[in-house]
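> got a sequence here, can you build the structure:
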Amino acid sequence: MAAPKLGYAPRNALNADALKAAIAVRSRTRGDNDAVRAWLLNHFYRHLVANFEPARPIESIDDARDALGDTSLPAWVRARFGTPPKASDNAPAPVVWVDPAAPELLALEARLVEFLESRTGTSLDGKLDRINCPQALALWEKEHARIAARIERGWRESQPDALIERLATPNGRFVEFRHDSPLLRAEMAFETYVMRHCLGQFADRQALTGGYGERYAEAIEAKRLRLVSFRDTQGQPHITISLIVRAGGKPEVEQVKGKQNRPPIARYVDDLLTCLNALDTSDETPPDCIAIGIVRTESGWRRIEDVTDAASQTKLIGRYPRLFVRLAAPTPAVEWLVAARQPELLRRPNEARTPGVRYAVRDATPGGDAAFCTEGVRWPGLDASEAQALQASRPQH
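Just a heads-up that it's a prediction; the model follows:
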């Protein structure tokens, strides 16, 4: 694994303003404190511009137009690509376009917000501006390595009185943590011990105070957060779900974790879908669920492969274009949408089914064997007999 960058690389973002605006909106929506929001708009924003991957490289004015769509090109972009650099010039900084709602970006932001808020009341409180984003990520990694070591040395029994059963499924049951239970924190510590995540990791393991556990416990006790756990028939946790409580609205799925923060095993995905639909959540799909292979549609939570209606497919692919390859039967409208935005996704084996789309993206699928050519235009997928028939039907001069 490559060593993490400790600073910010020289790179420019084509959509820098949109990136910063999206960070600000999410921060206000979450209710981040002023110090956390200021850090995100400074160091996290700079990290996205300089270091974040995946980022789309912009190497020409045409690339910039494709990325910005109908938005007019900034003057600096025209200056950057309008005139080829002289041989004596230093190489200019690369330019990229970063998706403000990329699942990897949102997951990284959530991890950093969790870390920053857990610093409240510590020696770092009031000094966040001195820590850049790569340093914060390194601290997060170091701290979670310590958490893993401490978890190995600790144990707590489950506290059934801290739980309310919400739903029984073929493989077990979903239980919710009671916000008013005096055993809430003890049950959170048990969940963390078995699941190997930081949800119930308290700085003081005896008093169950401080650290990551404090943040989550306070949110549950204040009814800003709901916590649901999937337990098997032996009472062992396998999935932890956190939901943000919105005043006057449906709960929003924040995180869905299997053991060691990995996606839940495939055996329990159907149980998870049953639970999420029973909880009647908002329309938001967090990155965790994308990683599992499930999404929230207008008709409820479903596997990505099972999204077949045109409206749901269009909405899904409009937000997450690369999930196109997961659709079992993409509609023509969705294929045209992908052709316009990311035609490279239509390369084999994900070749468009719609003939018009296949023809439109023919130049985006280099390397294919063309059996027939007219006026220099390749016809991908045409077999020899079809080519001969077309050749014979051409007018002879």
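> what about the helix ranked longest in the chain, average pLDDT?
In the chain, assigned by DSSP state H, the helix with the most residues is helix 133-152. The average of the pLDDT scores along helix 133-152 is 84.
> got the buried residues for it?
133-134, 136-137, 140, 143-144, 147, 151 (16 or more other C-beta atoms under 10 Å). All C-beta spots, glycine's among them, are computed from the backbone N, C-alpha and C.
> break this structure down into its structural domains.
Domains of the chain are assigned by automatic domain parsing as 12-143, 160-306, 367-397.
> pick the most deeply packed of these.
domain 160-306 (a mean of 18; mean count of other C-beta atoms under 10 Å).
> and the closest residue to residue 32 other than its chain neighbours, what element?
Nearest residue to residue 32 in three dimensions, chain neighbours excluded: residue 113, at 6.6 Å (C-beta to C-beta, 6 or more residues apart in numbering). Per DSSP states H and E: residue 113 is located in helix 103-118.
> could you do residue 226 as well?
With DSSP H and E as criterion, residue 226 is part of strand 225-232.
> pairing partners for that strand, with directions?
If you go by DSSP bridges, strand 225-232 pairs up with strand 172-177 (antiparallel), strand 237-244 (antiparallel).
> neighbouring contacts of the shortest one?
Contacts made with strand 172-177 from outside it, assessed by C-beta atoms under 8 Å, 6 or more residues apart in numbering, are listed as 162-168, 184, 187-188, 220, 226-233, 238, 268, 271, 275.
> where does residue 318 sit relative to residue 55, distance-wise?
Distance, residue 318 to residue 55, using C-beta to C-beta, to the nearest Å: 20 Å.
> one more: residue 105?
Taking C-beta to C-beta, one finds residue 105 at 10 Å from residue 55.
> returning to what we had before: same list (the domains of the chain) but as a markdown table, adding distance to residue 322.
Compiled in a markdown table, these are given as follows (distance: least, C-beta to C-beta, whole Å):
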| stretch | distance to residue 322 |
| --- | --- |
| domain 12-143 | 9 |
| domain 160-306 | 10 |
| domain 367-397 | 21 |
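> go through these and name the closest to residue 335.
domain 367-397 (14.4 Å; C-beta to C-beta).
> residue 96 - that's part of a strand, no?
Yes: using DSSP: H, G, I helix; E, B strand; the rest coil, the assignment for residue 96 is a strand.
> partners of it in the sheet?
According to DSSP bridges, beta-bridge pairing links residue 96 with residue 13, residue 57.
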